[in-house]
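>>> coordinates for the following, if possible.
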Amino acid sequence: MSIKNVVKVMNFHSLLRVDRSKKQSVKYSAMEQTLIEMIDNIVNNRNIILDYKTLRVKEDKPVLNIYIGSDMGFCNNLNSLVNRYKEECGENDCKIIIGRKIRGNSREKVLLYQSREEYDKDNSRVMELLAEGIRQLKYSKINIVYNHYYNSTTVQIMNKQVFPLEKAQKTEAGAYREDFTIEGDIDRLLIDLMVLYVQYSMEIAAAVSYAAENISRQNVTTESLRRIDERDAEFKIRERKDMKAKEFAKVLDNYTKNREY
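Here you go, the predicted model:
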């Protein structure tokens, strides 16, 4: 199989993966938004805040950063952006690293290191660490760093805080002032919702970053195909020139021989 055909196959499969990742992301996004609305309305409700200390994290706890990279070829630029964020994090930050090309060292507090293939096959360990961290309030913040796919021309590095939930900027009258009748343990309810929200956010980030790496790969292979076509066109031009030169030399040689006779 020629190099051009190999690149075409890679290009085609990248497009298929982008479409699959987008559909997966949309599936999780609807639930994520619903959970954000529910948690935001409870945590930031003025009446509840006066009576309960709901889901209050301690600022002196470490930060947990989750880094999602790519194991695919042609994605060095995406991995370098994630690595740059990792190098800028605090010394005491805990880390979960997804991707073989995201650099780590023995001095860092890495809770888990997985390849993308291992994560895609079984992400239960990541989800367990997230649930444990939220239920025991181990962290002051949880962030997910990944490359976010917007469209075929726009991919942007994202540092998304998923815990604690940042207060939405609601401007309508009566926002966060609804009255609630509370039965049972509100903290347990909120923690369960928060665990579910963070886990959905992780699924979305993984799916969107997968789309980002595939569109990056697709762009590179498209550019490679263009250069291959240009190279082939230049080769054909040179080949035609060489052929014309040989034909001209042959005609000139015959003409010279005829003159000699």
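
>>> gap between residue 37 and residue 144?
As judged by Cβ to Cβ, to the nearest Å, residue 37 and residue 144 stand 20 Å apart. C-beta: built from backbone N, CA, C; applies to glycine.

>>> comparing those two, which residue is more hemmed in?
In this view residue 37 and residue 144 are compared by other Cβ atoms under 10 Å, and residue 144 has more residues nearby, 25 against 11.

>>> where exactly do the strands run in the stretch 51-200 of the chain?
Counting by DSSP state E, counting those that start in this stretch, the segments of the stretch 51-200 of the chain that form strands are 63-68, 94-98, 109-114, 141-151, 154-163.

>>> can you redo those strands as CSV with distance to residue 246?
Below are those laid out as CSV (distance: least, Cβ to Cβ, whole Å):
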stretch, distance to residue 246
strand 63-68, 57
strand 94-98, 58
strand 109-114, 60
strand 141-151, 51
strand 154-163, 50
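
>>> take those strands and write them to TSV, including mean pLDDT and distance to residue 256.
Shown next, in TSV, are the strands of the stretch 51-200 of the chain (pLDDT from 0 to 100; distance: least, Cβ to Cβ, whole Å):
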stretch	mean pLDDT	distance to residue 256
strand 63-68	96	72
strand 94-98	94	73
strand 109-114	92	75
strand 141-151	87	65
strand 154-163	87	64
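
>>> out of those, flag the one nearest residue 42.
Closest to residue 42 of those is strand 154-163 (Cβ to Cβ; 14.8 Å).

>>> pull the residues that contact that closest one.
57, 78, 81-82, 85, 133-134, 139, 141-150, 194, 197-198, 201-202, 205, 212, 215-216 (Cβ atoms under 8 Å, 6 or more residues apart in numbering).

>>> where does the stretch 101-250 of the chain have low pLDDT?
152-153, 167-184, 217-232, 248 (pLDDT under 70).

>>> change it to 90
101-109, 116-117, 120, 137, 147-158, 163-194, 196-197, 200-201, 203-250 (pLDDT under 90).

>>> ok so, going back, what's the closest of the strands of the stretch 51-200 of the chain to residue 43?
Per Cβ to Cβ, nearest to residue 43 of these: strand 154-163, 11.2 Å.

>>> the closest one pairs with which strands, parallel or anti?
strand 141-151 (antiparallel) (DSSP bridges).

>>> can you give me the buried ones in the strand it pairs with?
141, 142, 143, 144, 145, 146, 147, 148, 149 (16 or more other Cβ atoms under 10 Å).

>>> also stretch 32-48?
Neighbour count says stretch 32-48 has 32, 35, 36, 39, 40, 41, 42, 43, 44, 45, 48 buried, by 16+ other Cβ under 10 Å.

>>> which among those residues gets closest to residue 101?
The nearest one, if we look at these relative to residue 101 and count by Cβ to Cβ, is residue 32, at 27.3 Å.

>>> thought the closest one was touching residue 199?
No: at 9.7 Å, residue 32 and residue 199 do not qualify as touching, with contact defined as Cβ atoms under 8 Å.

>>> closest to residue 96 out of the buried residues of stretch 32-48?
Closest to residue 96, out of all of the buried residues of stretch 32-48 and judged by Cβ to Cβ, is residue 32, at 19.0 Å.

>>> can you tell me how far the closest one is from residue 196?
Taken as Cβ to Cβ, the span from residue 32 to residue 196 is 9 Å.

>>> same question, residue 234
Counting by Cβ to Cβ, the gap from residue 234 to residue 196 is 57 Å.
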